[in-house]
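Student: dropping the sequence and predicted coords here.
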Amino acid sequence: MLNVSFFTFNAFDENTYIITNEKKQCWIVDPGMYHDDEKDALFSFITQKQLQPQAIINTHTHLDHIFGVQSVIDKYGIPFGVHKQESEVLKMAAGSATMFGFDFKNIPQPTFFITENEPLLLGDDALQVFYTPGHSPGSISFYYPKGNWVISGDVLFSGSIGRTDLPGGNTDTLLNSIRKHLFTLPGETKVLSGHGPATNIAEEKMHNPFLK
Ligand SMILES: [Zn+2]
């Protein structure tokens, strides 16, 4: 059984998730630590819980979701996986950082690609991968049916959806991703978003103004 914990990091209030199993193996999803105290918080959590990080898996690679990737790689030497359609976004990361006024030169490079419909395995547990582009060209969502939750990145938020005005974004594509892959999940499925509070599928189907 997988469990999820989360932290909220950086100027964008980005949610970083840690997924653990009973063997204390873990994945780190979207490590967004920017300041040293944020890195310390995540690393202390891992040390205190005696976790063994296995990989970084990212829903997408906008700056606020990758600020802390290199620090995790440096500390634990673990692989970093993204969808291959994010390669172009990563190439633009240094430029975007300068534009937004962030000191961020050490752009991480993926060491493996995550493919839709190819489950990610942590010990005996599997996460399903949905390809949910629209906010970013290679946005993916991680679904764990046994735990009734999905990590949606910046695709779906409580009462909102991801912005689509960044390079590679497209509103129709995003809405289609949500309807096809997220709104087909059971209503009680908890949605763990890249920003803001958790919600569930039934709630968003009923009240999300962007999906009426
Ligand atoms: Zn984003």
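Tutor: On my side now, so go ahead. Numbers count the residues shown, from 1 in each chain.
Student: okay, and the helix or strand of the chain with the least pLDDT?
Tutor: Every helix and strand of the chain was ranked by mean pLDDT, DSSP states H and E. The lowest is helix 93-100, at a mean of 89.
Student: quote the end-to-end distance of stretch 109-124.
Tutor: 28 Å (C-alpha to C-alpha, to the nearest Å).
Student: which parts of it are buried?
Tutor: 110, 114, 120, 122 (16 or more other C-beta atoms under 10 Å). Bear in mind the C-beta positions are built from the backbone N, C-alpha and C, glycine included.
Student: longest helix in the protein, please.
Tutor: Counting residues, the longest helix found in the chain (DSSP state H) is helix 36-48.
Student: which other helices and strands contact it?
Tutor: Judged by 3 or more C-beta pairs under 8 Å, 6 or more residues apart in numbering; DSSP states H and E, helix 36-48 is in contact with strand 3-9, strand 14-20, helix 69-76.
Student: just the ones you listed: most buried one?
Tutor: Highest mean neighbour count among these (mean count of other C-beta atoms under 10 Å): strand 14-20, with a mean of 23.
Student: quick one: that strand near the ion?
Tutor: No: applying C-beta under 5 Å from the ion, one finds strand 14-20 out of contact with the ion, separated by at least 8.3 Å.
Student: which element follows that strand toward the C-terminus?
Tutor: strand 25-29 (DSSP states H and E).
Student: sheet-wise, list the partners of that following strand with their directions.
Tutor: With DSSP bridges as the test, strand 25-29 is paired with strand 14-20 (antiparallel), strand 52-57 (parallel).
Student: to Phe6, which of those lies closest?
Tutor: Comparison of those against Phe6 by C-beta to C-beta identifies strand 14-20 as nearest, at 4.9 Å.
Student: report the mean confidence score over the closest one.
Tutor: For strand 14-20, the mean per-residue pLDDT is 98.
Student: pull the residues that contact it.
Tutor: Residues outside strand 14-20 that contact it (C-beta atoms under 8 Å, 6 or more residues apart in numbering) are 2-9, 26-33, 42, 45-46, 49, 51, 64-65, 68, 122, 127, 151, 192-196.
Student: what parts of the protein come near the ion?
Tutor: 62, 154.
Student: any stretches of the chain with poor pLDDT?
Tutor: Flagging of the chain using pLDDT under 70 yields an empty set of residue ranges.
Student: in this structure, what residue is nearest the ion?
Tutor: Residue of the chain nearest the ion, by C-beta to the ion: His62 (3.4 Å).
Student: from the centroid of the protein, which residue is nearest?
Tutor: Residue closest to the average C-alpha location in the chain (C-alpha atoms, centre = their mean): Thr59, at 3.5 Å.
Student: for burial, what's the neighbour tally of the nearest residue to it once chain neighbours are set aside?
Tutor: Excluding the flanking residues, the one nearest Thr59 by C-beta to C-beta, 6 or more residues apart in numbering is Gly153, at 2.7 Å. Applying other C-beta atoms under 10 Å, we find 29 residues neighbouring Gly153.
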